[in-house]
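My questions concern the predicted model and sequence given below.
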Amino acid sequence: MIELEAVELSWPDGQGGRVPALRGIDLRVAAGEKLVVLGSNGGGKSSLLKLLNGLVPPERGHYRYDGQQVDAARLADRSFARRLRQETVLLFQHPEAMLFNPSVREEIAYGPRRLGWPDVEAQVEHWARELRLLPLLDKPPHALSGGEKQKVALAALLILRPRLILLDEPTASLDPRSSGWLVDFLFDHPATVLTSTHHLSMAAEFGSRCLVLGEDHRLLYDGPTEAALADLALLERANLAHRHRHRHGAHGPVHAHLHRHDHGHVPEG
Ligand SMILES: Nc1ncnc2c1ncn2[C@@H]1O[C@H](COP(=O)(O)OP(=O)(O)OP(=O)(O)O)[C@@H](O)[C@H]1O
């Protein structure tokens, strides 16, 4: 379903230069696969999801979605770009930017209405019930909590019946029940799903296949999630684990430890 070949992407640095975001990325993802994308701040996770959503074309290399080349020329074709973004939805890390309608109801209904789909009201009720948003349907989205906004943005995407779901740090502001719902929902969903996260403790729940982006914006690892999480040298290289000294009790001995971010201490050697 997704093929990336030697993909390079950079962004303007605001001073006339460019900052690299993705370098030499080769990737093949089959329909229905669930992948988790790990990497430190600035590694390129969001850039990868934006590229797959057709928000930005590769600068070099190739992106093929369902065998179709996605490049600047194709994305300039508005009907192609609209269909790509309906099929490959992206939940932003900060969903405020996605919410612009006067009520939650209209927010969720917006996409299907633009596409002229029938029975939008029933679909809105369905997704509002799934995400426990029914009591909020008539509220303005800006008056919601961070987690509620995230769920509204998610409902507005899921109603589009996507084939590729791209989630950028989706559990950052979700409570445990909502995070648990999301994990179960994605597991059962037929769509291909790529989820980026810093939360190593959640990584295995988002996918049995893991991509690790290095600080040099290259793909450091593509393989089983469990093996990645057990590979401390890999996590340290990707800046997902750090080395520090750790004192056991007030007067205890001091050991060097590798600390997997948001996980327990792992004694060295
Ligand atoms: N729209 C943009 N304009 C300019 N630079 C950008 C833009 N988006 C990303 N960058 C830069 O590209 C690089 C990769 O950023 P990206 O947001 O993809 O990383 P990330 O892995 O998602 O990071 P984080 O974990 O902090 O969200 C960074 O150096 C970042 O500053």
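Everything's here; your move.

can we go C-alpha only for contacts and neighbour counts from here?
Noted.

Around Asp26, how many other residues sit close by?
17 (other CA atoms under 10 Å).

check which helix or strand covers the closest residue to the ligand within the stretch 151-269 of the chain.
Among all residues of the stretch 151-269 of the chain, His198 sits closest to the ligand, at 6.9 Å; criterion: CA to the nearest ligand atom. Using DSSP states H and E, no element contains His198; it sits outside every helix and strand.

Find the nearest non-adjacent residue to it, please.
Leu38 (6.4 Å; CA to CA, 6 or more residues apart in numbering).

and the one helix or strand the one you found maps to, what does it pack onto?
Leu38 belongs to strand 34-39 when assigned by DSSP H and E. In this structure, strand 34-39 packs against helix 45-52, strand 192-196, helix 200-206, strand 209-213, with contacts taken as 3 or more CA pairs under 8 Å, 6 or more residues apart in numbering; DSSP states H and E.

Mean pLDDT lowest where, among those?
By mean pLDDT, the lowest-scoring of the helices and strands packed on strand 34-39 turns out to be helix 200-206, with a mean of 90.

In that helix, which residues are buried?
Leu200, Met202, Ala203, Ala204, Glu205, Phe206 (16 or more other CA atoms under 10 Å).

Could you list the contact residues of this protein toward the ligand?
Residues of the chain lying near the ligand by CA under 6 Å from any ligand atom: 11-13, 19, 21, 39-47.

Mark which of the residues you listed are buried, thanks.
For those, buried by 16+ other CA under 10 Å: Ala21, Gly39, Ser40, Gly43, Gly44, Lys45, Ser46, Ser47.

Name the nearest residue to the fifth one, sequence neighbours excluded.
Taking CA to CA, 6+ apart, and ignoring the residues beside it in sequence, Gly44 has Ala21 as its nearest neighbour in space, at 4.9 Å.

Cross-check the contact I'm expecting between the one you found and Ser47.
Yes. Counting by CA atoms under 8 Å, Ala21 does reach Ser47; the two are 6.4 Å apart.

Common neighbours of these two, please.
The contact sets of Ala21 and Ser47 overlap at Leu9 (CA atoms under 8 Å, 6 or more residues apart in numbering).

As TSV, the helices and strands packed on strand 34-39 with distance to His142 would be great.
Putting those into TSV (distance: least, CA to CA, whole Å) gives the following:
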stretch	distance to His142
helix 45-52	24
strand 192-196	25
helix 200-206	28
strand 209-213	33
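
Tell me which of these sits nearest to Pro176.
helix 200-206 (11.1 Å; CA to CA).

So which residues of the stretch 51-200 of the chain form helices?
Secondary structure of the stretch 51-200 of the chain (DSSP state H, counting those that start in this stretch): helices located at 72-75, 78-87, 104-114, 120-130, 146-158, 176-188, 200-206.

With just CA atoms, put the shortest one into CSV.
Right, the one you point to is helix 72-75. Coordinates of each C-alpha in helix 72-75 appear next as CSV, following Å, rounded to 0.1, in the frame of the first residue of the first chain:
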residue,chain,number,x,y,z
ALA,A,72,4.3,17.7,-6.4
ALA,A,73,2.6,17.5,-9.8
ARG,A,74,0.0,14.9,-8.6
LEU,A,75,-0.6,16.9,-5.4
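
Report the distance from it to the chain centre.
Its chain's C-alpha centre and that of helix 72-75 lie 23 Å apart, by CA atoms, centre = their mean, to the nearest Å.

ok, now the second one?
With CA atoms, centre = their mean as the basis, the distance from the averaged C-alpha position of helix 78-87 to the chain average is 19 Å.

Quick check: which helices or strands does it pack against?
helix 72-75.

Could you tell me the end-to-end distance of stretch 187-200?
Stretch 187-200 has its terminal residues 18 Å apart, counting by CA to CA, to the nearest Å.

and it, which residues are buried?
Phe187, Ala191, Thr192, Val193, Leu194, Thr195, Ser196, Thr197, His198, His199, Leu200.

wait, which of those residues is closest to Gly32?
Nearest member of the buried residues of stretch 187-200 to Gly32, counting by CA to CA, is Thr192, at 4.1 Å.

How about the contacts made by the closest one?
Ala30, Ala31, Gly32, Glu33, Lys34, Arg163, Leu164, Ile165.

Alright, I will stop here.
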